[in-house]
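# Would you be able to build a 3D model of this:
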Amino acid sequence: MNRVLILLMFFASFKLLGEETDTSRVFRFNQINIEGKKSLSQKELEFSAINILTRSDIERSNYFQISEVLSKSPGIFIKNYGGLGGLKTVTLRGTNSMQTVIAFDGIPLNSIQNGSFNLTGIPLSIIDKVEVTRGGASSSFGSNSIAGAINFVPKIVDNNEFELCVKYTSFAETQLMSSYNFKTSSIKNSINIDWTNSSGDYPFEFLQFGEKKTVRRTNNSYKNLTFSYSNEYLNHNNNFRNTIIYENSKRGVPGAVLQGRIESTKANLSEQKIFAKSSYDYVHSEQFLIGLDVAYRYSYMHFTDPELPSINGIGTDNIFETNDIIVQSKVVCSFDNNEIFLRTGANYSLLEGDMLDPKAGNKVHRTNPFVTASYSNILYLYELKLTSNISSRADFFDDGRPALSPSIGIKIDYNDFYLKILNSYNYRKPSFNEMYYLNYGTKDLRPEKSLNYTLTIGGNFLERVQVDFSTFLIETRDQIIAIPKSPVSWSAANIDKVEHKGMELSIFGNYTEIFLEKIGFNWTLQSSINKTKGSLFYNKQLILTPQEILNGYLLMNFEYIKFSVDFDYTSFRYTDQENNNNSILPNYFLLDFGLIIPVKIKNTELNVNMDCKNALDKQYEIIPNYPMPKRQFIIGINIKY
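Have a look, this model is predicted:
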């Protein structure tokens, strides 16, 4: 019934859409310009270290999933279990995936069940840009944003347009993406259908009892169908936006590749997800705006493994359902060089499942009302522009203590150069799995609390090159980890302190006179250290956290043909908490080549994309015993009319 009511609310807004738009009176001052002449949708985040990935970044290569695009951003490391269907989560600045908010159009997507978000289900066709903000963002997003936030901004174009993209790989993976954008009266509409299919049986090298063999991945198939519809209506001072996304997927869940066997050869996961959002903004003038957002998320997960032991014997069959409702309003008031931003709202989350602690029953819920206040001021001193911001968010919970998340930011602009300082206090509320999962959860866990410091310096040189350098320190107390309580079971527990620190460098530019359309380079140097005094692992690096990440690309445009080169380097990672030298995952270097042949016939644009991924045929692992694909070839055809 709840899902029906939310969808009725979504479509009821169409009743208000009828008049012609006077575009001379449409305001969009909720977006601001930042470095690189790109826009950020939430002004209070401009004091963080920022990287914005545009539609051209998404279309630059034969990418299948958004995780491939995100990996070209500084500070980001994608934990990938291999293949299109393998779990893919973000670690930002050495933190874990539960400490970064993943949002769609400002609405967090992190699962209330496990605290993180799997990136495999976000279709590329619906994304216009990706906003990566590195720096604590709890004053904006609340829980889970200790390291920062990644916000996907949906794509809606002004003109009528049909786009079809087909991709096929040498591993027999297929992707079909179709998009139809059209305008009816003054309503812009976008319909997207995406289909991905993969057997997942790519070859890899395996050392079995001292003998190197080439075998194929098993139980790694993946099928995903996504349908989305978005619209936007602008009329005088009113702005309506609606989005609904439906996802249906089924995948094999392969286990680790061990000596003589592969675990979980029959495990399967089926999922259905719904995301719906309606937004309304009323812009009274360039100085005053009010808005309302209503969003709904639904997730159904069905996991089966006939080989996995369960409490009832051999064979596991589990179902989990989550429902999330988010309602929030905002008021923005600008006067002279000052701006006041207020947001208030509430989140309600419900998890039902058959693997919860019997004391909790088969369902648990959380209600989270909140209020955010932010004040910004701009001061001009000679040729300097000084922007300051004080923000704070108060979250209240029916299953725990309130949380207060203040932040203070300063930005100094001088011509084409800038300096930014952000200090923030952030937190993460324990997920339902950490509190209630059978034989793992600990109900009395404390929320993680964090102090975050970020300094960013950057600028534009010769109108061709954008340079951005950041340093950061994240001190987290009461971090939640899994600790062994017996040889076969683990439980969630708080440890005292974890420290993340490091630096990031980004360089982007172009030189079209020599056919260089775009060039980019990212470098991250970081450490993530257990600082819990008295711990056996004091001053040890956290597992699976690389200390150095480099990646870059260049795109040459010769008018009738485009050529691209990408590289990625990730340093070694420890796989045990003692940091033993015999428990190291080795570093890896990947090289990709791409070719784009653009053809334009009247109103039709045709692009033929050919890529060679992992051209050096490198055998590597990101997660221990989960082999990644070796060299593969991809051909794609994109038609836009």
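# Can you tell me, leaving aside adjacent residues, what's nearest to Glu517?
Excluding its sequence neighbours, the residue lying closest to Glu517 (Cβ to Cβ, 6 or more residues apart in numbering) is Asn557, at 3.9 Å. (Glycine included, C-beta is placed from N, CA and C.)
# Just confirm that neighbour contacts Phe515, I think it does.
Yes: counting by Cβ atoms under 8 Å, Asn557 does reach Phe515; the two are 5.7 Å apart.
# Show me which of these two is the more surrounded one.
Taking neighbours as other Cβ atoms under 10 Å, Asn557 and Phe515 compare with Asn557 leading, 17 against 13.
# Contacts only, for the more buried one.
Applying Cβ atoms under 8 Å, 6 or more residues apart in numbering to Asn557 gives the contacts 512, 515-517.
# who wins for most neighbours among these?
Glu517 (17 neighbours).
# tell me the pLDDT at that residue?
Reading off the confidence values, Glu517 has pLDDT 93.
# Ramachandran coordinates for it?
The phi/psi pair for Glu517 (degrees, to the nearest 10) reads phi -70, psi -40.
# does it really touch Leu555, like I thought?
Yes: between Glu517 and Leu555 there is a contact at 4.8 Å, judged by Cβ under 8 Å.
# Mind checking what helix or strand follows the strand or helix carrying Arg366 in sequence?
In the assignment (DSSP states H and E), Arg366 maps to strand 363-381. Remark: after strand 363-381, the chain's next helix or strand is strand 384-397, criterion DSSP H and E.
# Would it be right to say that Asn220 lies in a helix?
No: going by DSSP: H, G, I helix; E, B strand; the rest coil, the assignment for Asn220 is coil, not a helix.
# For it, report the pLDDT, please.
Here, the pLDDT recorded for Asn220 equals 90.
# measure it to Val257 for me?
Per Cβ to Cβ, to the nearest Å, Asn220 is found 11 Å from Val257.
# Which residue of these two possesses the greater neighbour count?
More neighbours surround Asn220 than the other of Asn220 and Val257, with 23 against 20 (other Cβ under 10 Å).
# can you pull the contacts of that one?
Asn220 makes contact with 82-83, 85-86, 198-202, 251-252, 254, according to Cβ under 8 Å, 6+ apart.
# Residue ranges in the chain under the pLDDT threshold?
Where the chain drops to pLDDT under 70, the residues are 1-42, 209, 259-262, 310-314.
# Reduced to three states, what does Ser56 come out as?
Assignment for Ser56 (three-state DSSP): helix.
# just to revisit the earlier point, and the strand holding Arg366, which residues are buried?
364, 366, 368-370, 372-374, 376 (16 or more other Cβ atoms under 10 Å).
# cool, stretch 430-448 as well?
430-437, 440-442, 445, 447-448.
# any idea where the strands of the stretch 451-600 of the chain begin and end?
Here the stretch 451-600 of the chain has its strands, by DSSP state E, counting those that start in this stretch, at 465-477, 480-486, 489-494, 497-511, 516-530, 548-557, 562-570, 573-574, 584-585, 588-601.
# Take these and write them to a markdown table, including distance to Leu164.
Formatted as a markdown table, the strands of the stretch 451-600 of the chain follow (distance: least, Cβ to Cβ, whole Å):
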| stretch | distance to Leu164 |
| --- | --- |
| strand 465-477 | 33 |
| strand 480-486 | 45 |
| strand 489-494 | 46 |
| strand 497-511 | 29 |
| strand 516-530 | 24 |
| strand 548-557 | 23 |
| strand 562-570 | 20 |
| strand 573-574 | 40 |
| strand 584-585 | 40 |
| strand 588-601 | 14 |
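# which outside residues touch stretch 589-606?
Stretch 589-606 is contacted by residues 60-62, 560-569, 607-616, 618, 620, 637-641 when judged by Cβ under 8 Å, 6+ apart.
# Would you work out how far apart the start and end of stretch 115-124 are?
Stretch 115-124 has its terminal residues 23 Å apart, counting by Cα to Cα, to the nearest Å.
# Quick one: the helices in this structure, in order.
Here the chain has its helices, by DSSP state H, at 2-12, 55-59, 66-70, 138-141, 432-436.
# Restricting to C-alpha, output the third one in CSV.
Taking Å, rounded to 0.1, in the frame of the first residue of the first chain, the C-alpha atoms of helix 66-70 are listed here in CSV:
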residue,chain,number,x,y,z
ILE,A,66,29.4,4.0,-13.3
SER,A,67,32.2,2.5,-11.2
GLU,A,68,34.5,2.7,-14.1
VAL,A,69,33.8,6.5,-14.5
LEU,A,70,34.2,7.1,-10.7
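# Straight-line length of stretch 49-58, end to end?
Criterion Cα to Cα; first-to-last residue distance in stretch 49-58 is 21 Å.
# contact partners of that stretch?
In contact with stretch 49-58 (Cβ under 8 Å, 6+ apart) are residues 34-36, 38-40, 69-70, 72-75, 124, 127-135, 155, 420, 454, 456, 468, 470, 472, 504, 506, 518.
# what angle sits between the strand holding Arg366 and strand 384-397?
160 degrees (axes from the mean of the first three to the mean of the last three Cα atoms, to 10 degrees).
# Return the list of helices and strands in contact with strand 363-381.
Counting contacts by 3 or more Cβ pairs under 8 Å, 6 or more residues apart in numbering; DSSP states H and E, strand 363-381 packs against helix 138-141, strand 338-353, strand 384-397, helix 432-436.
# Can you give me the buried ones in stretch 164-179?
For stretch 164-179, using 16+ other Cβ under 10 Å, the buried residues are 165, 167-169, 171, 173, 175, 177-179.
# Compute the first-to-last residue distance for it.
By Cα to Cα, the extent of stretch 164-179 from end to end equals 6 Å.
# residues in contact with it?
Stretch 164-179 has contacts (Cβ under 8 Å, 6+ apart) with 62, 64, 84, 123-126, 161-163, 190-202, 609, 629, 632-639.
# one more time with 7 Å
Residues outside stretch 164-179 that contact it (Cβ atoms under 7 Å, 6 or more residues apart in numbering) are 62, 64, 84, 123-125, 163, 190, 192-199, 202, 629, 632-639.
# what about Leu536, how many neighbours?
9.
# That one and Ile481, how far apart?
13 Å.
# Thr532 now?
From Thr532 to Ile481 the distance is 10 Å (Cβ to Cβ).
# Now list whatever residues contact both of those two.
The contact sets of Thr532 and Ile481 overlap at Ile495 (Cβ under 7 Å, 6+ apart).
# which residues touch the nearest residue to Leu544 once chain neighbours are set aside?
Take Leu544 and drop its neighbours on the chain: the residue closest to it by Cβ to Cβ, 6+ apart is Arg573, 5.1 Å away. Shown in contact with Arg573 (Cβ under 7 Å, 6+ apart): 544-546, 585.
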